[in-house]
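# sequence unavailable; structure follows:
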C-alpha cells in the first residue's frame, strides 16, 4: 500500500512536470531529445572546454528547453561498446518538436555555429522523441 501511494505521487509529479513543460512552450506534443556529438580538428582540453562553454553561452536559454548539458567525452570509458570518435557532446531536451524547430532558427544558435564551426571535423546529430518512464 505504501509503495502504491509513493508511486501515485511520483506519477502525478512526473505528469505535472510534463504538462507544465508543454504549457510553458505553448506547444503540446512529445518531448524531443537533441543530442549532438562534435569531433574537433583541435581537440585539446582547452578547445573542448571552449566549445562546451560556448554551448552554455549560446544554446542554453531557449524557450521550451527542459534539460540542457554539454561536456567532453569521458576518457576512461573505452569499452568495446563505447563510441569514441567525438570530443564534446551537447544534450538538449525540448518540450516539443516545434520548440526544437524554433531553436534551429534562433539567432543565438546561428551565432554559436559562426563562432565554432571552423574547428569542427564532424558533427553528428541524434534527435529522438522521448517521454518520461512513468511505469517505474
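Arrived safely. Fair warning: this is a prediction, and the values are worked out from it, not measured in the lab.
# wait, what's in contact with the nearest residue to residue 38 once chain neighbours are set aside?
Residue nearest to residue 38 in three dimensions, not counting chain neighbours: residue 88, with 4.6 Å by CB to CB, 6 or more residues apart in numbering. For the C-beta atoms, the positions are set from N, CA and C on the backbone; glycine is no exception. Residues near residue 88 by CB atoms under 8 Å, 6 or more residues apart in numbering: 37-38, 40, 48, 51-52, 55, 70-73.
# what about 7 Å?
38, 40, 48, 51-52, 70-72 (CB atoms under 7 Å, 6 or more residues apart in numbering).
# quick one: the strands in this protein?
For the chain, strands defined by DSSP state E occupy the ranges 31-40, 65-72, 88-94, 120-130.
# what comes up buried for the second one?
Applying a neighbour-count criterion of 16 or more other CB atoms under 10 Å, one finds 65-66, 68, 70, 72 buried in strand 65-72.
# among the residues you listed, which pair sits farthest apart?
66 and 72 (23.1 Å; CB to CB).
# could you find the closest non-adjacent residue to the residue nearest to the spatial centre of the chain?
For the chain, the residue sitting closest to the mean C-alpha position, by CA atoms, centre = their mean, is residue 92 at 1.7 Å. Counting by CB to CB, 6+ apart, the nearest residue to residue 92 once its immediate chain neighbours are dropped is residue 34, at 4.5 Å.
# what's across from that neighbour in the sheet?
Beta-bridge partners recorded for residue 34 (DSSP bridges): residue 92, residue 127.
# list the contacts of it.
When contacts are taken as CB under 7 Å, 6+ apart, residue 34 is in contact with 92, 94, 100, 127.
# turn the buried residues of strand 65-72 into a markdown table, columns for distance to residue 29 and pLDDT.
Formatted as a markdown table, the buried residues of strand 65-72 follow (distance: CB to CB, whole Å; pLDDT from 0 to 100):
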| residue | distance to residue 29 | pLDDT |
| --- | --- | --- |
| 65 | 15 | 97 |
| 66 | 13 | 96 |
| 68 | 19 | 98 |
| 70 | 24 | 98 |
| 72 | 32 | 98 |
